[in-house]
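After the sequence you'll find the predicted model.
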Amino acid sequence: MKFVVARPDVVRAINQRWLLKFWMRHLEGNAVPPWAAVEATDFSRMSDNLSFLDVVGTGSGLGFQIRAHGALIAQVYGSADCRGKQLENVIPASRHQEGLAPYFHTVAAVSPVYTVHDVSDREGRVVHYERLLLPFARNGKTVDRILASFECVCIDGRFEGQALMRQPNAAPALRLSARIEAREMAWTSNCRR
């Protein structure tokens, strides 16, 4: 999967824009923001769309263990509780390469990654599945946590979200995969949470 470099304003969803600003505000001279910033913040208004992951292992043994996730993630992956599971055990095997690549790139690039896929629900409606991955570190240097935000948008305004990412009809079509260059950029958008 190839990742283009994009400005922060490539992110469309208001909550995801707020999260990206949160990430940038907490850099404070570190390579990545400290995880303590996440622990000190109330994300309850958007918790259904969030997943918290631990980065485990190194090199070819690198993996992602799900610490917690919201109701939307449980619904679209068709799994009620993924806490403690490895991400590769939640993503269908046929979609491992495409599904895991953004997580690996977030760690390697030490930067936010944003992807948009088109998926079809059970009724054949196209749903834009937007994912923002934000790297964090307990020590402010080495990425060991990821905050993931998911948004599903359908032109019709409604869609069938149950097991959306496990639909057999067609693999998700990648529309955008981007590494967000946010560190040196002043971002003056007025988006609020």
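Sure, I can see it. Numbers count the residues shown, from 1 in each chain.

Least confident secondary structure element in the protein?
For the chain, using mean pLDDT, DSSP states H and E, the weakest element among its helices and strands is helix 71-77, scoring a mean of 71.

continuing past it, what's the next helix or strand?
Going down the chain from helix 71-77, the next helix or strand is helix 96-109, by DSSP states H and E.

In terms of helices and strands, where is the closest residue to residue 181 other than its chain neighbours?
Excluding its sequence neighbours, the residue lying closest to residue 181 (Cβ to Cβ, 6 or more residues apart in numbering) is residue 5, at 5.3 Å. The C-beta positions use only the backbone N, C-alpha and C, and glycine is treated the same way. Using DSSP H and E, residue 5 falls within strand 4-6.

Who are the packing partners of that strand?
Helices and strands touching strand 4-6, by 3 or more Cβ pairs under 8 Å, 6 or more residues apart in numbering; DSSP states H and E, are strand 173-180.

Give the partner strands of the helix or strand containing residue 51 in its sheet and their orientations.
If you go by DSSP H and E, residue 51 is part of strand 50-56. The strands beside strand 50-56 in its sheet (DSSP bridges) come out as strand 63-69 (antiparallel), strand 145-154 (antiparallel).

Would you mind listing where the chain has pLDDT under the threshold?
Across the chain, the ranges flagged by pLDDT under 70 are 75-80, 159-170, 183-193.

Just the element for residue 15, please.
helix 14-25.

After that helix, which helix or strand is next? Please name it.
helix 36-39.

quick one on the thing from earlier: show residues contacting the strand holding residue 5.
Residues from elsewhere that reach strand 4-6 (Cβ atoms under 8 Å, 6 or more residues apart in numbering): 114, 176-181.

quick one: residue 16 from residue 182, how far?
To residue 182, residue 16 is 12 Å away according to Cβ to Cβ, to the nearest Å.

if you count what's nearby, which of these two comes out ahead?
Neighbour count, other Cβ atoms under 10 Å: between residue 16 and residue 182, residue 16 has more, with 22 against 19.

The more buried one against residue 134, yeah?
No. Judged on Cβ atoms under 8 Å, residue 16 makes no contact with residue 134 at a distance of 9.4 Å.

Now the common contact residues for these two.
The contact sets of residue 16 and residue 134 overlap at residue 149 (Cβ under 8 Å, 6+ apart).

Would you mind listing the buried residues in stretch 86-103?
By neighbour count on 16 or more other Cβ atoms under 10 Å, the buried set for stretch 86-103 is 87, 90-91, 98-103.

which residues are contacting it?
With Cβ under 8 Å, 6+ apart, stretch 86-103 has contacts from 1, 3, 53, 63-66, 77, 79, 82, 113, 115, 131, 133, 146, 165-166, 171-172, 174, 177.

List the buried residues of stretch 150-158.
150-152.
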